[in-house]
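S.K.: Pasting the sequence and the predicted model now:
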Protein chains: 2
Amino acid sequence: MKKILLMAPGPTSIPSQVLLAMAKPVIHHRTEEFKGILKEINEGLQYVFQTKNPVLMFSASGTGAMEAAVVNTLSRGDHALVVKGGKFGERWDELCKAYGVNTLTLDVEWGRAVDPSEIESALKKNADIKAVFTTLCETSTCVRNDIEKIGRIVANHKAVLVVDAISGLCADDLRTDDWSVDIAVSGSQKGIMLPPGLSFASIGPKAQALMKSSNLPKYYLSYEKALKSLAKTDTPFTSAVSLIYGLKESIALLKKEGLENVIKRHARLAKATRAAAGALGLELLSKAPTNVATAMVMHAGIDADVIRKKLSADFGITVAGGQDKLKGKVIRVAHLGYCEEADVITALSAIEMTLNRTGHKCEPGAAVAAAEKVFAE
Amino acid sequence: MKKILLMAPGPTSIPSQVLLAMAKPVIHHRTEEFKGILKEINEGLQYVFQTKNPVLMFSASGTGAMEAAVVNTLSRGDHALVVKGGKFGERWDELCKAYGVNTLTLDVEWGRAVDPSEIESALKKNADIKAVFTTLCETSTCVRNDIEKIGRIVANHKAVLVVDAISGLCADDLRTDDWSVDIAVSGSQKGIMLPPGLSFASIGPKAQALMKSSNLPKYYLSYEKALKSLAKTDTPFTSAVSLIYGLKESIALLKKEGLENVIKRHARLAKATRAAAGALGLELLSKAPTNVATAMVMHAGIDADVIRKKLSADFGITVAGGQDKLKGKVIRVAHLGYCEEADVITALSAIEMTLNRTGHKCEPGAAVAAAEKVFAE
């Protein structure tokens, strides 16, 4: 018998009550009963996004909602600033280029957060930049960018600030309205504790204004269609009914715990995991760590992918490996979504045992002890 | 106590074993275990689509897969022929126009199938047409187009044939390869007996060739990305894991019954429903009826939407109303997906009672009797 423990930065574990809610018989999506559910969800999403502005929902994975942010704000030949410090910053760049948007990229060393003042000087030098694309948590490097500072800077320019909060939402604080984030994008399979298949975008007034001049082609991902439907508590295309049943349940769970507590829980789990890495003599990749996941750099000569595979084969624990230039070098241990202290302890104990079995000798219990100390604070 | 019976052309009822499969704990989408599921599903989709060509899967509703068919085959300024005989023909037209594709439309009277010879003469007159967009079942009018004949015609031209089989698949026969359908698009919440949230597209060699010259912008819906991932039994973006669990189960159910029997079942249910409409003195809207749903024209002075709402309020039965110019004039009773004789009998009995309660006097039991006669054949 092996229990399955998902400690990768998405998909994350789903609470049983959410799984069971999704097993309810499907009802038609254009009924008063379903409208009632949508109304509750729309308000719940505003709570989770910390915004008074509309939050749109797409039946698509997070990349769909990222694409929507590009095609609904910009026009062919427009200029955008893209923060590129990992895989998901690169995705913004690829998306812009696919639509003929010119990008100026801020290349940030993998593992570091972007320096907000670089955004400021790029905006000053390039008055024609219409949008700044960045990430809250750059999942590939486990870096959290300082969206508060970035927001303060971008608010003084004509450009909109678009934040990929796909993995970050609910784990790292994101005060969408207070921090002047014009579009925040997220997905269902992360902090929201749902299976993959839904994605979301909060749309502030500056973004809604820019929308009007955007001429990039769109249909399925059109904000205009989605906003019109939202005003009638509807969706433009058939809703993913069962995922939405689950979403109602997971929003209720987030509200019950309270968003502030949810974020504090993630911060505590992340701090414990970092302390544990230190106790194991493992360097952290991220110089600006997120609450989403912790990237531990393996010692030279130890293949991180072997560690990752053994964690799965021997202990049923899924962690993520490194992507691209980080392949084989790091494991990324997520503490995201439906995750508590016991899950972190289980994963850390398994990591200790796995390291000892693969040539990285460490003191049994050292990582767990370090985490326990943080939990005792 | 009121049992819920979905008799609308999507979302349709879901078998309990499919609902429960979706409640299983989520596993990571990039594991050997999940690859095994994807492999089974990819083969199963080929079976259901009656094709040897790849069938791509998108985390998106059917419209997303329709949009993908446009953006992956055509270029800005290209010419396309669109069969417009209802809401979903119109959607092809809107999608093409959103991307700057010039459309020549064949306007077909709502309720009639397109005359394939009109497609032939349009193609002869307009040698620059690169794609023909039509529907297998035009859900808004309950019409089935003769894809076999259309396929034979389009095969002789350079244009690709793209068929919206979103509601039609599994209900109306669609011999994708034998009938030279280059792209067939479908969705999860219809004959495939899943909740909404997934869509599919089979891509034949002629479409794969055209793909190479297409310059319309795409990213999330890119066939190239999806085909590359499919070759590695992967998906380009995070898979909708729980819906895919369900899909594995529903494909197993379709295989167990046998696709031919599934289609025969739909044909029998449709025939019985049409016979019942006749017994109630109700005209059928469709002159070329599909197996998906039956559109019954209400008598003058009777508001079809009142009938529809009473069926829901009094009997827990969801049927669809008319869209656009058909609003208030028809009810569309679907017999689609997880639907058997007893469901049709239940719906017909409720329709009889509802008609009698709203001014359209009819013989109690007449519709049911007519259906029973068909079932006895």
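M.R.: Everything's here; your move. Numbering: from 1, shown residues only, chains lettered A, B, ... in the order given.
S.K.: mind listing the helices for chain A?
M.R.: Taking DSSP state H, the helices of chain A run over residues A:16-21, A:32-48, A:62-71, A:87-98, A:116-125, A:147-154, A:205-211, A:223-231, A:241-257, A:259-279, A:304-315, A:341-357, A:366-376.
S.K.: Could you dump those into TSV and include mean neighbour count and distance to B:E148?
M.R.: Yep, even glycine has a C-beta here, placed from its N, CA and C like the rest. Converted to TSV, the helices of chain A look like this (neighbours: other C-beta atoms under 10 Å in any protein chain shown; distance: least, C-beta to C-beta, whole Å):
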stretch	mean neighbour count	distance to B:E148
helix A:16-21	18	43
helix A:32-48	16	37
helix A:62-71	26	35
helix A:87-98	21	37
helix A:116-125	16	58
helix A:147-154	21	56
helix A:205-211	18	44
helix A:223-231	17	34
helix A:241-257	21	34
helix A:259-279	20	56
helix A:304-315	18	49
helix A:341-357	19	56
helix A:366-376	17	65
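S.K.: could I get the ones you listed as JSON lines with mean pLDDT and distance to chain B?
M.R.: Formatted as JSON lines, the helices of chain A follow (pLDDT from 0 to 100; distance: least, C-beta to the nearest C-beta, whole Å):
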{"stretch": "helix A:16-21", "mean pLDDT": "96", "distance to chain B": "4"}
{"stretch": "helix A:32-48", "mean pLDDT": "97", "distance to chain B": "9"}
{"stretch": "helix A:62-71", "mean pLDDT": "98", "distance to chain B": "5"}
{"stretch": "helix A:87-98", "mean pLDDT": "98", "distance to chain B": "5"}
{"stretch": "helix A:116-125", "mean pLDDT": "98", "distance to chain B": "24"}
{"stretch": "helix A:147-154", "mean pLDDT": "98", "distance to chain B": "23"}
{"stretch": "helix A:205-211", "mean pLDDT": "98", "distance to chain B": "15"}
{"stretch": "helix A:223-231", "mean pLDDT": "98", "distance to chain B": "10"}
{"stretch": "helix A:241-257", "mean pLDDT": "97", "distance to chain B": "4"}
{"stretch": "helix A:259-279", "mean pLDDT": "98", "distance to chain B": "19"}
{"stretch": "helix A:304-315", "mean pLDDT": "96", "distance to chain B": "7"}
{"stretch": "helix A:341-357", "mean pLDDT": "97", "distance to chain B": "13"}
{"stretch": "helix A:366-376", "mean pLDDT": "98", "distance to chain B": "22"}
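S.K.: Looking at the ones you listed, which is nearest to B:C339?
M.R.: Taking C-beta to C-beta, helix A:241-257 is the member of the helices of chain A nearest to B:C339, at 17.3 Å.
S.K.: hang on, the earlier thing: and the helices of chain A: which comes nearest B:D107?
M.R.: Closest approach to B:D107 among the helices of chain A is made by helix A:223-231 (24.0 Å; C-beta to C-beta).
S.K.: Show residues contacting that closest one.
M.R.: With contacts defined as C-beta atoms under 8 Å, 6 or more residues apart in numbering or on different chains, helix A:223-231 is touched by A:42, A:54, A:56-58, A:68, A:72, A:201, A:203, A:208, A:211, A:219, A:235-236.
S.K.: one step back: select, out of the helices of chain A, the one closest to B:L6.
M.R.: Closest approach to B:L6 among these is made by helix A:241-257 (10.4 Å; C-beta to C-beta).
S.K.: so the closest one versus helix A:32-48, what angle?
M.R.: Using axes from the mean of the first three to the mean of the last three C-alpha atoms, to 10 degrees, the inter-axis angle of helix A:241-257 relative to helix A:32-48 is 50 degrees.
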